[in-house]
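Trainee: Coordinates only, no sequence provided:
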């Protein structure tokens, strides 16, 4: 089967049978992404999908601007609009990780109403990521292959745009599409050579100061001893199958021993597990539920470190609670309650949304024009007085509240007995939190 046929098959599996009218391609100028551009261009002849090409210039190398221009010229030759987005590293943290995050954030801010963004990850990337994560002691989840289709909510970063920008507003979360995961880097470069598609070699790919470059060199040695990229990529794919089975097991256990916190009919944003049924479950599923609950309640992108998670788990099983990942875990007679930690949100403020999970109710009839978001805290608890719904003080303090910006008077809280004020605040539908915990378990 030709590479064009394999690409078409992958696109059909990932996005078919009713393809979107437009998709975006993130093209760096390297051999993998330039080959993907040619594959996508040839594919559109049959399906009539419009392509938007985007390049992120990270500004980390002197040649990066020229490479973005090369992509622009090739896109123009093929008849597709192109944009260059620019990023400037502030020098904080790991540069490669910061660049990856910024790349997704810039594209998310640029894409307009286009939902699907194609990335040129390959079978070699699966193998390299597998080894990198194995080196860090990852388990099944960390070692599983990256998904061909994944919803992401990376946030938005505006670095300016030189070129075309899709129209419309981003009404839906971005979907990352990886149609080249079954293809090797060698195959893609051969395809580009045959079509005389230009590309550039990023010197950081062979710069051993970077972890991925060191891993690539190590894989060359492994390949000579029968443990090359194909073997490791297959292992990552099998881990992905195992991860899916374990997620489904966790979701079934959740159905039998857990529920989301509510106060009267209003969500509190908590996860509650029944202690006795939870204690009877195998350890892996217990840990999976606890880890997911911490991410869900905190809204964090990543799970806590394994050692810290194990420490909290052991404290819970011993009948104690603890704080981790911006959450507080309370162990009561019959229940384990994972709630937002007050210290994590005490100074957090917002206008239209708060804590990555809550927002003003657009359908509400409550006039909150002069209000700002903040945690309920002690001041809000005192203002509620006796006219409040029965959520304990320790759990109530970290719930969202709307305050009068000028006077500091509490205007709305889900704990207000008054229906209108209580429903002025709702879960943000653009966030994982609004999907419900079961769906969260099955998708993370």
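Mentor: Nice, thanks for sending it over. Since we're looking at a predicted model, the values are computed, not measured.

Trainee: Now do the same contact list for residue 327.
Mentor: Counting by C-beta atoms under 8 Å, 6 or more residues apart in numbering, residue 327 touches 293-294, 297-298, 338-341, 344. Every residue, glycine included, has its C-beta placed from N, CA and C.

Trainee: Run a quick neighbour tally on residue 235.
Mentor: Residues near residue 235, counting by other C-beta atoms under 10 Å, number 18.

Trainee: Nearest residue to it in space, please, no chain neighbours.
Mentor: residue 130 (6.3 Å; C-beta to C-beta, 6 or more residues apart in numbering).

Trainee: Checking the one you found next. Helix, strand or coil?
Mentor: helix (DSSP: H, G, I helix; E, B strand; the rest coil).

Trainee: Which pLDDT does the model give the residue at the greatest distance from the centre of the chain?
Mentor: Residue farthest from the centre of the chain, counting by C-alpha atoms, centre = their mean, is residue 386 at 40.5 Å. Listed pLDDT for residue 386 reads 81.

Trainee: Check residue 443 too.
Mentor: For residue 443, pLDDT reads 85.

Trainee: next one: residue 431
Mentor: Looking at residue 431, the pLDDT reads 69.

Trainee: got the contact list for the residue positioned nearest the centre of the chain?
Mentor: For the chain, the residue nearest the mean C-alpha position is residue 152 (4.1 Å; C-alpha atoms, centre = their mean). Neighbouring residues of residue 152 by C-beta under 8 Å, 6+ apart: 104, 108, 173-176.

Trainee: Now render these as a markdown table, adding pLDDT.
Mentor: Below are those laid out as a markdown table (pLDDT from 0 to 100):
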| residue | pLDDT |
| --- | --- |
| 104 | 95 |
| 108 | 95 |
| 173 | 87 |
| 174 | 94 |
| 175 | 96 |
| 176 | 97 |
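
Trainee: which one of the residues you listed is nearest residue 207?
Mentor: For the contacts of residue 152, the closest approach to residue 207 (C-beta to C-beta) belongs to residue 104, at 22.7 Å.

Trainee: ok, and the closest non-adjacent residue to that closest one?
Mentor: residue 154 is the one closest to residue 104 (C-beta to C-beta, 6+ apart), at 3.9 Å.

Trainee: tell me the SS of the one you found?
Mentor: Residue 154 - assigned by three-state DSSP - is coil.

Trainee: and it, backbone torsions?
Mentor: phi -80, psi -10 (degrees, to the nearest 10).

Trainee: That one and residue 345, how far apart?
Mentor: 21 Å (C-beta to C-beta, to the nearest Å).

Trainee: In terms of neighbours, single out the busier of these two.
Mentor: Set residue 154 next to residue 345 and count neighbours by other C-beta under 10 Å: residue 345 wins out with 22 against 19.

Trainee: Can you check the pLDDT for the more buried one?
Mentor: 96.

Trainee: sorry, back to before: measure the residue nearest to the centre of the chain to residue 286 for me?
Mentor: 28 Å.

Trainee: Then residue 315?
Mentor: Residue 315 sits 13 Å away from residue 286, going by C-beta to C-beta.

Trainee: Any regions of the stretch 251-400 of the chain where pLDDT drops low?
Mentor: 365-369 (pLDDT under 70).

Trainee: one more time with 90, if that's ok
Mentor: Scanning the stretch 251-400 of the chain for pLDDT under 90 picks out 262-268, 299-302, 351-353, 356-357, 360-371, 384-390.

Trainee: Find the nearest non-adjacent residue to residue 353, please.
Mentor: residue 359 (4.2 Å).

Trainee: Hmm, residue 161 is touching residue 83, no?
Mentor: Yes. Using C-beta atoms under 8 Å, residue 161 is in contact with residue 83, at 5.3 Å.

Trainee: Mutual contacts of the two, please.
Mentor: In contact with both residue 161 and residue 83: residue 110, using C-beta under 8 Å, 6+ apart.

Trainee: Can you tell me the SS state at the residue farthest from the centre of the chain?
Mentor: Reduced to three states by three-state DSSP, residue 386 is coil.

Trainee: Compute the distance between it and residue 168, please.
Mentor: Counting by C-beta to C-beta - residue 386 and residue 168 are separated by 49 Å.

Trainee: before we move on, what about residue 407?
Mentor: Residue 407 is 39 Å from residue 168, by C-beta to C-beta.

Trainee: now do residue 28
Mentor: Residue 28 is 25 Å from residue 168, by C-beta to C-beta.

Trainee: Counting neighbours, which bits of stretch 298-312 end up buried?
Mentor: 298-299, 303-304, 309, 312 (16 or more other C-beta atoms under 10 Å).

Trainee: With distance to residue 243 as added columns, please give those residues in JSON lines.
Mentor: Formatted as JSON lines, the buried residues of stretch 298-312 follow (distance: C-beta to C-beta, whole Å):
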{"residue": "298", "distance to residue 243": "21"}
{"residue": "299", "distance to residue 243": "22"}
{"residue": "303", "distance to residue 243": "13"}
{"residue": "304", "distance to residue 243": "18"}
{"residue": "309", "distance to residue 243": "17"}
{"residue": "312", "distance to residue 243": "22"}
